[in-house]
Each structure stands twice: as structure tokens, then as C-alpha cells.
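Q: whatever this is, show me its structure:
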Amino acid sequence: MNPEFVRNLWLEATPFRLALIAGVLLLVFAALSVSPFGAAAASVAQLIYWFFTVLWGTRSAALSVVGEIRERTWDSQKLSSIGPVEMVWGKLLGATIHAWFGGLLCLPAVLWPIVRTQGAGAALTQGATMLLLALLAQAVALLSSLVLVRRNTGNWRLDTFLCQVAGIAAAYSFHSLWRSVQILTGSETLDWWGLTFGSAQFHLVSLVLFTAWALVGCWRAMRTELRLSNGPFVWLAWLLFLFFYQAGFAAMLPAGLSAMEPQGAVLRLMLGGLALIGSAYSMVFLEPKEPVRLRWLGEQLRAGRLWRAFAGLDAWMLSYGATLVVGLALVLLVAMDRQDSMPGLALAVLAMLGFLTRDVAVFVLFGRIAGGKGDFAALAVLAALYLLVPMVLKGGPLAALFLPVPGSLLSPIAGWTQAMGVVWWAKRSISPSFTRR
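A: Numbers count the residues shown, from 1 in each chain. Predicted coordinates:
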């Protein structure tokens, strides 16, 4: 058996703790059964389930690595023979075993009323959804902690809280998003890539896929922490999945937006491209932009070792490259259309790509200028450029200098001019001669 799981099992699933959890839950349900609120037992059990598996579970998952660092035992664990897969599930399930124990005790009280009123199938779907949402929250919390460990912030108490918030937000966002879709559409079915699916079944399959990707992310982050090479292909597969998944919802948009779809692909490219933009911005903010690694990539390119350079690309570089490819494909597709509104859209996409390039270069530049706080400094600068400056200009024609404005020829020119300037500055900042100065 996995030694990391066994170790966490002995540490977390002590007889006293398990007996205490079971005793408290027994008292709670006994009190409900003799009180006027006995009919609400299922709701109370569900609330307690979320407390154990999501609130407590995400904290335990976040502490599974951060706690090892605080206790100065993480370095010895990294030197052990435990592989990344064993380390991930040993910590993810072992460190949260007490939370799962309490949550699973509550699950029958939640599902039994559903079995009696809606049948076993509905109860099985509800139970699988609850289990997967809790696993998604804990996996995101663990993944967030591994990302922050790589950034080496040193503020572990705050980091643990942020990782817990990230896990809770992931589960809540996924659940509330699908509830909103069902309420807005008013239908139990949805269209995805022209196919009709039941909302509940599509929700469950989507939850399975995103939970699986969260676990893959934990595995990749653990490989990085154990000083193993990841390669670009898993991240490219994630980007392809994200693009394909997002683009499939084009048929659900209002008919007025679908009118701008001249060849059946523009709207899908736009939706998928928005998901890739979000990935590019989030990863360039989260990942460290190490100057040594950037100089190494430049040396590989200058020496013509293109495959080694490609294999060494970080996730933010791959996300930016994928966004650039999709954006240029969208520009070409729009350029082939002869509708009057299409040239303005093409200019807006070109401007967006220019400003995206500038923003990525700003993060790299401020990572060198401001050190560990460079990402937050870059975020503040971009907030000023996108929010404060247009407010000062009151949305006039000069706003195209700072925002991708549809139909404005000045916007793509300004975006790419600023991009080239900041790229040159960022490239100069990571050179050894600049560092010596």
C-alpha cells in the first residue's frame, strides 16, 4: 500500500477523532429526530456533509504540503522513493480521510429521501455529484498549495487560507453555474455542438472531466515539486479540451449573436478563444517567470534546438501561443467574409492580441523589476491601463490607445506598438548584461 497514504491514515484517522466525529453526528441526528425540525434532517445532513468534505476537507488538503514545509519535513519526503502519483493520492485522500469519514456518514441521510421520492437513479446521480464536487474542491486546494509552494511566498498561514478559498470557490462556482444555466434556459436539456443532452447528465459528465483534470494538474504540479520534467503535451491537451468544451456552447447563445457567425466557426472560435485568454492571463500571473529559464530557452532557440525549446515551454507560454494561433485563425476567417461588420471585428481581434502580448510582457518585466511582488505590481499597472486611464479619457477616441476597440484602426496599431516596446524591454531585463548593471 502507498506509504504516504498509510502515514496520513495513522496521523489523521485516529480512533479518538473518528469516535468523536461519529458521536457528534449521532447526537445531532438523534436531536433532530425528536425535535419539530425532524423533517429538515436531510437538509441539515447535507449542510454537515459540505462542512466536512468541502470546508474542512479543503483546509486539510491545502495543509497536506504546506504543513510539511512548516514542520521542515517536506525536503526529506521529496528525497524519498515515493512517486508523484502515490504522493498526490496519498496526501489528497490520506490527509482528508477524517473529513471523508464524517461526510460519508451524512450521505445516507441526504440520499434516502431522494430514493423514496424520485427513485434510486436520481439518488445515485445526486450522490455522485456531491462526491465529485467535494473531490474537485480538495483537488483544487491541493493544486493551489503546490502552485504557491513553487512561488515560495513564505506566508504559509495566508497561503493555506487562499488555497482553501480557491477550492471552495471552484466547487461553488461549478455548482452555481449549472444551477444558473438550468434556471435561465428553463429546460432540462441543452445543446452542445449541435447535440441535445440532459442537463443533469451533462452536468455530471462535465464534473467528472473537470475533476479528472484537476487531479492531472495536481500530478503535474507534484512532478514539478519533485524536480521531474512535465513536457508540453499534457498542458496542450488541457487547452484543446478547454477550447473544445467552451466552443460547444455557441448554439446556446441568443440568436442575435449567432447572426455574426458567417461560416459556422467564427462564434465558436470566439468562445474558445476567450477560454484560452483566461488561461493565458491566469497562468502568467501564477507561474514564476524565472530569468535563468528564459535565458536558457533563448539559447536553445539561437542554437536551433527547437524541439528542446518546445519541450521546455512553461504553461503560460503554451497558453499564450494557443491564444495567438486561435486569434490569427479567427482574423483570417473573418477576413474571408464580406459582411460590412466583419472588418471591425478583425481589427478588434488584432488589437486584443496586441494588448495580450503587451500584458504578458509586462508580467515578465515586472517579475524582474519587482522580484517576488512583481506579479501584483503588474496586475496593478494593467488595472490602471484598462480601468483608470479610459475613465480619465471618458471613453473618447483616445481610449483605443489602451483598449481593443471594434472598428478602430488605431487600436491594433497602438496595441502591437506597445507590445513590441514592452517585449524589447522585458527581453533586455533578463539579459546577463542588464543584471550586472
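Q: how about the closest residue to A45 other than its chain neighbours, what does it touch?
A: Once flanking residues are discounted, A45 sits nearest to A109: 3.7 Å by Cβ to Cβ, 6 or more residues apart in numbering. Quick note: C-beta positions are derived from backbone N, CA and C, even for glycine. Applying Cβ atoms under 8 Å, 6 or more residues apart in numbering to A109 gives the contacts F29, A41, A42, A45.
Q: same thing but at 10 Å, please
A: By Cβ atoms under 10 Å, 6 or more residues apart in numbering, A109 lies in contact with L25, V28, F29, L32, A41, A42, S43, V44, A45, Q46, I48, Y49.
Q: how far away is it from G367?
A: 50 Å (Cβ to Cβ, to the nearest Å).
Q: what ranges does the stretch 101-250 of the chain have for its strands?
A: 189-192, 195-198 (DSSP state E, counting those that start in this stretch).
Q: might you list the low-confidence residue ranges for this structure?
A: Applying pLDDT under 70 to the chain picks out residues 37-39, 153-156, 180-187, 253-264, 337-343, 371-372, 395, 432-437.
Q: check which element follows the helix or strand harbouring I277 along the chain.
A: Using DSSP states H and E, I277 falls within helix 266-286. Beyond helix 266-286 on the C-terminal side, the first helix or strand identified by DSSP H and E is helix 291-302.
Q: just the CA trace of that following helix, in PDB.
A: The C-alpha trace of helix 291-302 is given here as PDB (Å, rounded to 0.1, in the frame of the first residue of the first chain):
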ATOM      1  CA  PRO A 291      15.200  34.700 -15.800                       C
ATOM      2  CA  VAL A 292      17.500  31.700 -15.900                       C
ATOM      3  CA  ARG A 293      14.900  29.600 -17.600                       C
ATOM      4  CA  LEU A 294      14.000  32.300 -20.000                       C
ATOM      5  CA  ARG A 295      17.700  32.800 -20.900                       C
ATOM      6  CA  TRP A 296      18.000  29.000 -21.400                       C
ATOM      7  CA  LEU A 297      15.100  29.000 -23.800                       C
ATOM      8  CA  GLY A 298      16.600  31.800 -25.800                       C
ATOM      9  CA  GLU A 299      19.900  29.900 -26.000                       C
ATOM     10  CA  GLN A 300      18.100  26.800 -27.300                       C
ATOM     11  CA  LEU A 301      16.300  28.900 -30.000                       C
ATOM     12  CA  ARG A 302      19.500  30.600 -31.100                       C
END
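Q: got the buried residues for it?
A: Neighbour counts using 16 or more other Cβ atoms under 10 Å place P291, L294, L297, Q300 of helix 291-302 among the buried residues.
Q: pretty sure G167 is touching A139, no?
A: Yes: in this structure G167 lies within contact range of A139 using Cβ atoms under 10 Å: 7.7 Å.
Q: where do the contact lists of these two overlap?
A: Joint contacts of G167 and A139 (Cβ under 10 Å, 6+ apart) are T58, A61, A214.
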